[in-house]
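In: For reference, the sequence and a predicted model appear below.
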Amino acid sequence: GENVEQHPSTLSVQEGDSAVIKCTYSDSASNYFPWYKQELGKRPQLIIDIRSNVGEKKDQRIAVTLNKTAKHFSLHITETQPEDSAVYFCAGDQTGANNLFFGTGTRLTVIP
Amino acid sequence: GAVVSQHPSRVICKSGTSVKIECRSLDFQATTMFWYRQFPKKSLMLMATSNEGSKATYEQGVEKDKFLINHASLTLSTLTVTSAHPEDSSFYICSARGTGVQPQHFGDGTRLSIL
C-alpha cells in the first residue's frame, strides 16, 4: 500500500512568517493528495487538496505544490496567524481503492 | 455541505462491554465510509473501509471480529467494538466519501475509554 512520510514533526514560526511542511509518497500511481488541519480533540478538516494533473494550487494564504517525478508535495502557509496553530496531516490515496494514507502529522505553533 | 455526524462523542464503560459508534452523512450519499483510530499525538490509522451493502475491507492487523462494521445504507455506517478492553481505548473517527474521487469528510470522532 501507499506509504506517506511527513516532515517536520514540529514547527514553530513567528506570526507573519511562512511555514512549509513536506511529504513524500511511495505509490507512483497515487493521484490525489489532500491536506487536513486538526485542532486538539476535533475532527480533521480539509484545507486544500491537489490532484496529479496539476503542479500547484493556491487558496488565499495556503498553497500546495506537487512534484510527481520526485513523489513529493508540500504545504505552504504564508503570513501565519496564531489561529493557524494546529496539527497538519498530508495524505495520499491508494489508487484503485481511494483509501487515504496519512502522514505522521506536523504540529505547527505560530508564536504571536 | 458535506457534513458527517458521529455519535456518541464520548463513551466511558466497563471492560467487557460492547460499544456501537454511528457515522452518518447528513447531506450527501456516502458510497464509501472509512473508520480510523487515532492515538494521542499520533496520526490517523485506517482500520477499515466499507462500501454500502457489502462487507468491510479491513486493514492488516485489525481484527474483524473485534471491530464489527456495518454499512447498511448510503448515509449510515456503524462500528461496534465488541467486548472492549482497556487497550481498545482510543479516539475513533469516521469519514465519508461520495461517488468518485472526492475528498473524505470527517466526523467529530468518538473518544472511547474502557475502565
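Out: Now that the structure is in, tell me what you want to look at.

In: Please determine how far B:Ser89 is located from A:Gln14.
Out: Distance of B:Ser89 to A:Gln14, computed by CB to CB, to the nearest Å: 38 Å. Backbone N, C-alpha and C define where each C-beta goes, glycine included.

In: same deal with A:Ser74?
Out: On the measure of CB to CB, A:Ser74 and A:Gln14 end up 20 Å apart.

In: Neighbour count: the two, which is higher?
Out: A:Ser74 (17 against 9; other CB atoms under 10 Å in any protein chain shown).

In: Alpha carbons of the strand or helix carrying that one, in CSV - could you do that?
Out: Following DSSP states H and E, one finds A:Ser74 within strand A:72-77. The C-alpha trace of strand A:72-77 is given here as CSV (Å, rounded to 0.1, in the frame of the first residue of the first chain):
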residue,chain,number,x,y,z
HIS,A,72,6.7,14.8,-3.0
PHE,A,73,4.3,17.5,-2.2
SER,A,74,4.4,20.5,0.1
LEU,A,75,2.0,22.7,2.0
HIS,A,76,2.9,26.4,2.2
ILE,A,77,1.2,28.8,4.6
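
In: Could you spell out the sheet neighbours of it, each with its direction?
Out: strand A:19-25 (antiparallel), strand A:62-67 (antiparallel) (DSSP bridges).

In: out of the ones you listed, deepest packed?
Out: Of all the strands paired with strand A:72-77, strand A:19-25 carries the top mean neighbour count, a mean of 20, counting by mean count of other CB atoms under 10 Å in any protein chain shown.

In: Quick check: mean pLDDT of that strand?
Out: Mean pLDDT, strand A:19-25: 97.

In: residue contacts, residue 109?
Out: You didn't say which chain, so I picked chain A. A:10-13, A:85 (CB atoms under 8 Å, 6 or more residues apart in numbering or on different chains).

In: hm, I was asking about chain B
Out: By CB under 8 Å, 6+ apart, B:Gly109 lies in contact with A:41-43, B:6, B:9, B:38, B:91-93.

In: who wins for most neighbours among the contacts of A:Thr109?
Out: A:Ser85 leads these on contacts (other CB under 10 Å) with 19 neighbours.

In: Please name the nearest non-neighbouring residue to the residue of chain A found nearest chain B.
Out: Nearest to chain B, among the residues of chain A, is A:Arg43, at 4.3 Å (CB to the nearest CB). Excluding the flanking residues, the one nearest A:Arg43 by CB to CB, 6 or more residues apart in numbering or on different chains is B:Phe106, at 4.3 Å.

In: returning to that earlier point: I'd like the average pLDDT over the strand holding A:Ser74.
Out: Here the average pLDDT along strand A:72-77 is 97.

In: and that strand, how far from the chain's centre?
Out: Between the centre of strand A:72-77 and the centre of its chain there are 6 Å (CA atoms, centre = their mean, to the nearest Å).
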